[in-house]
Structures are given as C-alpha cells and as structure tokens.
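>>> Here is the input, now give the coordinates:
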Amino acid sequence: MKKIALALLGAGLMASAVAQAGPEDDRKQLIAHFKSKLPAVKYENYVYGALALDKDSKSQYDSIMEFPPFVGVIEGGKEMWEKPFKNGKTFASCFPNGGKNVAGNYPRFDASLNKVVTFEADINQCLKANGETEFKLSDVNTMGILTAYARTLSDGMKKNVKVEGAAAMAAYEDGKKFYFQRRGQLNFSCATCHVDNAGNRIRAEVLSPMLGQTTHWPVFRAGERLTTLQSRYKGCNSQVRAVPFEVGSDEFNNLEYFMSYQDNGLPLKASVFRK
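Numbering: from 1, shown residues only. Got it, this is the predicted structure:
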C-alpha cells in the first residue's frame with residue numbers, strides 16, 4: 001500500500017523534511033492525502049468519521065439522531081453545568097460567553113503551566129477555583145456526562161486550535177511523534193489504521209480517517225455507552241497490546257493537541273451516536 005509522504009506529517013522520523021514542516025503544512029498535507037485517497041468524501045463530511053465512508057451506516061445514524069436515545073444523559077450534564085457551586089457561581093462563570101463556542105479552541109497550550117490543557121482540565125480548574133472537588137478525568141459519570149453537555153454548547157463551532165511558541169511546538173511535535181510511532185505487540189501506530197488503512201475494514205468495522213477524528217466526542221457507542229476521546233485512546237492502545245497511558249496524561253494531551261490541530265476549520269459535532 002502506498003505510504004503517505006506523511007513523512008512530512010510523521011513523527012520527526014525523516015528529520016530533514018519534517019524539520020521544515022509546521023502544523024499548518026501538516027494539516028494541508030493531510031487534507032491533500034485524503035482528497036487523493038478518498039475522493040468521494042466531501043471535506044466537511046469527515047466530521048462523521050467512518051460514517052462518511054458507509055452510506056447505510058450514515059443513514060442509520062441520521063435516523064437515530066432524530067430521536068437520540070441518550071437525551072437523558074445530556075440533560076443530566078446540563079443540570080450539572082447549571083447547578084450553582086457553594087459560592088453561587090456555576091461552570092459558565094469560568095468560560096468566555098458562558099461556555100458557548102469555546103470547546104473548539106481546545107486543547108490549548110498554557111505557557112504559565114508549560115503544558116497542554118484540555119477542556120476537561122479547565123473544567124477541573126473551574127471546580128478547584130470555586131472550592132469544589134475536582135472530577136476524575138476518566139469518570140464518565142461525572143466528567144464524561146458534564147462534557148457531553150458542555151460540548152454541545154459549541155456544536156457547529158469550527159476547530160481553532162493554536163500552536164504558538166517553541167514550547168507549544170514541542171508539545172505538538174511530541175503528539176505527532178506519538179501518532180506515527182509503532183507500539184505494542186502488534187507493532188501498530190495510530191496512523192497504521194487511520195491514515196494508511198483508513199476506509200478499509202478490520203473485521204466488520206470500517207477504519208475511520210484521521211481527518212475529523214477529534215470533532216465528534218464524546219460519543220454514545222451502541223446508543224447509550226458514553227465514550228470520551230481519551231478513553232478511546234486507551235482502548236486503541238490496549239487493542240494493539242500496548243500498555244496505555246492514563247486519561248489526562250501529558251502523552252495523551254499532546255496527542256489530542258496534535259490531532260485537534262489537523263481538524264482546524266471543521267465544525268464540532270458533539271455528543272453523537274456511534275455503533
């Protein structure tokens with residue numbers, strides 16, 4: 001199978017070429033790659049993941065999303081978002097515009113902390129600043145449900161992740177290296193499935209393209225089982241028989257940072273159904 005000259009996207013493994021490539025070069029080359037590999041898929045449809053490659057599955061998705069089975073979960077997240085803290089404030093007080101049209105700016109690089117900060121991390125910072133107990137990042141019954149609602153406040157917002165300054169670039173490059181580095185007993189990288197083999201089937205599942213992957217989380221798999229992006233990272237690592245990092249680790253945060261930049265310009269489709 002033809003390898004994407006993704007050398008220019010990939011992990012610093014072809015040093016002289018990659019040294020010249022910046023985040024925007026990476027993004028444009030990824031778009032060009034999929035335009036060539038999957039010419040029938042419209043750019044804006046990559047927000048649907050593998051559904052963009054399967055007409056029948058996309059039709060089923062459209063029908064289910066008319067009356068989503070997880071509306072109650074989203075309503076639970078809304079109650080959490082709007083419930084006053086002990087000091088009378090709410091989560092909305094911690095974010096510009098009350099949290100509307102902000103999720104597309106995440107992850108962000110915080111120069112004062114010298115690290116990538118996710119939307120979930122800023123939600124925990126909001127709790128801490130208001131004297132409340134922080135949520136466990138991997139807990140779908142607290143952080144998962146809350147963000148399932150909070151991200152709907154940014155539905156349709158175009159991804160707008162920034163990589164500015166040497167430290168931010170280093171985090172971005174670390175995430176890029178992770179994406180293209182083979183790991184585990186199966187010796188797979190993220191790119192093995194989602195760049196080189198995107199659109200192919202593994203058992204009954206169509207492998208989703210990398211492009212658009214960060215736009216539609218969290219998802220409700222099989223209708224009701226909430227799954228976050230970084231919990232999916234853990235699952236993928238386990239499937240290739242690698243020891244996964246923890247949700248909220250620098251490794252996964254940098255990976256999300258790199259991947260999210262590639263989706264700049266695509267609209268968010270938060271809290272959706274997946275098989």
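
>>> can you give me the strands for the stretch 151-275 of the chain?
Per DSSP state E, counting those that start in this stretch, the stretch 151-275 of the chain carries strands over the ranges 201-202, 205-206, 219-221, 225-227, 272-274.

>>> what residues does stretch 162-180 touch?
Here stretch 162-180 makes contact (CB atoms under 8 Å, 6 or more residues apart in numbering) with 6, 9-13, 22-23, 26, 105, 108-109, 111, 114-116, 189-191, 210, 250-251, 253-259, 261. Bear in mind the C-beta positions are built from the backbone N, C-alpha and C, glycine included.

>>> Touching, residue 263 and residue 210? I think so.
No: with contacts defined as CB atoms under 8 Å, residue 263 does not count as touching residue 210, sitting 9.0 Å away.

>>> just to revisit the earlier point, buried only: go through the contacts of stretch 162-180 for me.
Buried members of those, counted by 16 or more other CB atoms under 10 Å: 6, 9-12, 23, 26, 105, 108-109, 115-116, 189-191, 210, 251, 253-259, 261.

>>> Pass me the low-pLDDT residue ranges in this structure, would you?
Counting by pLDDT under 70, the chain has low-confidence residues at 1-20, 222-224, 274-275.

>>> now do the same end-to-end measure for stretch 61-74.
One end of stretch 61-74 sits 18 Å from the other (CA to CA, to the nearest Å).

>>> buried residues in that stretch?
Quick answer for stretch 61-74 (16+ other CB under 10 Å): 61, 64, 68, 70, 73-74.

>>> Save these as CSV, and put in distance to residue 240 and secondary structure too.
Output for these, formatted as CSV (distance: CB to CB, whole Å; DSSP: H, G, I helix; E, B strand; the rest coil):
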residue, distance to residue 240, secondary structure
61, 27, helix
64, 30, helix
68, 31, coil
70, 29, coil
73, 30, helix
74, 32, helix
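
>>> circling back to that earlier point, any chance of JSON lines for the strands of the stretch 151-275 of the chain, columns distance to residue 133 and mean neighbour count?
Output for the strands of the stretch 151-275 of the chain, formatted as JSON lines (distance: least, CB to CB, whole Å; neighbours: other CB atoms under 10 Å):
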{"stretch": "strand 201-202", "distance to residue 133": "41", "mean neighbour count": "11"}
{"stretch": "strand 205-206", "distance to residue 133": "38", "mean neighbour count": "14"}
{"stretch": "strand 219-221", "distance to residue 133": "26", "mean neighbour count": "18"}
{"stretch": "strand 225-227", "distance to residue 133": "21", "mean neighbour count": "16"}
{"stretch": "strand 272-274", "distance to residue 133": "29", "mean neighbour count": "22"}
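
>>> Mind checking these for the one nearest to residue 244?
Closest approach to residue 244 among the strands of the stretch 151-275 of the chain (CB to CB): strand 225-227, 14.2 Å.
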